[in-house]
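Asker: Fold the following, please.
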Amino acid sequence: MDKTALILVDIQNDYFPGGKMTLHETEKAAKNARVILDYFRENNLPLFHIQHIFKDNQAPFFVSGTEGVHIHRSVAPLESETVIEKHFPNSFLHTSLEAELKSIGIEHVIIVGMMSHMCIDATSRAAVDLGFSCTVIEDACTCPDLTFNNKTIEAENVHYAFMAALGSLYATIETTDAFLVKVTN
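Answerer: Numbering: from 1, shown residues only. Predicted structure coming up:
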């Protein structure tokens, strides 16, 4: 684990009940993300919080200066932890994330957060394209129902489809429990 870092992607208030873009079972995903975060904190391992802020004040969510843009209290960063602001689904695009990971010799990233079909997918694929190996903790991620051609695809199906796609070539897909068993044995 000495060349591994945790990336917590967009676990922000707007995705929780009462927010502008409520996702499926956000509390469950955040609870699992917190378990992984606690493991990294307890073992003094590097971690990075990613905060999506839209530049356009007319954006549907994550508007600068709103309560919804803040990282959720369940995984709130400590003062000593790095928070990287992003403006695109890919956490590496026009951010310092790649440089910061490489500056401390990171070769493997563990990814948790929101949304499975968008920012988790984009960040995981970019990580691999940039030379990192990648593990996604699937039960520490979530997404919304999606609609296409007047058909609604339930969030659970969206999530599993994207985990299956990422797991086919890009990432190792694990549950919180399986990851903890693996790293504590």
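
Asker: longest strand of this structure?
Answerer: strand 133-142 (DSSP state E).

Asker: could you point out which element follows that one?
Answerer: Counting by DSSP states H and E, the next helix or strand C-terminal to strand 133-142 is strand 146-148.

Asker: mind listing what that next one pairs with, with the direction of each?
Answerer: The pairing partners recorded for strand 146-148 under DSSP bridges are strand 151-153 (antiparallel).

Asker: Beyond the partner strand, next helix or strand please.
Answerer: helix 155-169.

Asker: Any buried residues in that next one, and which?
Answerer: 155, 158-159, 162-163, 165-166 (16 or more other Cβ atoms under 10 Å). All C-beta spots, glycine's among them, are computed from the backbone N, C-alpha and C.

Asker: go on, stretch 119-133?
Answerer: 119-128, 132.

Asker: ok so, going back, may I see the buried residues of helix 155-169 organised as JSON lines, with pLDDT and distance to residue 19 added?
Answerer: Listed next are these as JSON lines, based on pLDDT from 0 to 100; distance: Cβ to Cβ, whole Å:
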{"residue": "155", "pLDDT": "98", "distance to residue 19": "15"}
{"residue": "158", "pLDDT": "98", "distance to residue 19": "18"}
{"residue": "159", "pLDDT": "98", "distance to residue 19": "18"}
{"residue": "162", "pLDDT": "98", "distance to residue 19": "21"}
{"residue": "163", "pLDDT": "98", "distance to residue 19": "23"}
{"residue": "165", "pLDDT": "97", "distance to residue 19": "27"}
{"residue": "166", "pLDDT": "98", "distance to residue 19": "25"}
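
Asker: could I get these as JSON lines with distance to residue 62?
Answerer: Formatted as JSON lines, those follow (distance: Cβ to Cβ, whole Å):
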{"residue": "155", "distance to residue 62": "19"}
{"residue": "158", "distance to residue 62": "20"}
{"residue": "159", "distance to residue 62": "20"}
{"residue": "162", "distance to residue 62": "20"}
{"residue": "163", "distance to residue 62": "23"}
{"residue": "165", "distance to residue 62": "25"}
{"residue": "166", "distance to residue 62": "23"}
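
Asker: and which of these is nearest to residue 108?
Answerer: residue 166 (15.0 Å; Cβ to Cβ).

Asker: all helices in this protein, in order from the N-terminus.
Answerer: For the chain, helices defined by DSSP state H occupy the ranges 26-42, 97-103, 121-129, 155-169, 176-184.

Asker: how near is the nearest residue to residue 5 once chain neighbours are set aside to residue 31?
Answerer: Nearest non-adjacent residue to residue 5, counting by Cβ to Cβ, 6 or more residues apart in numbering: residue 46, 4.2 Å away. Noted for residue 46: a distance of 22 Å to residue 31, by Cβ to Cβ, to the nearest Å.
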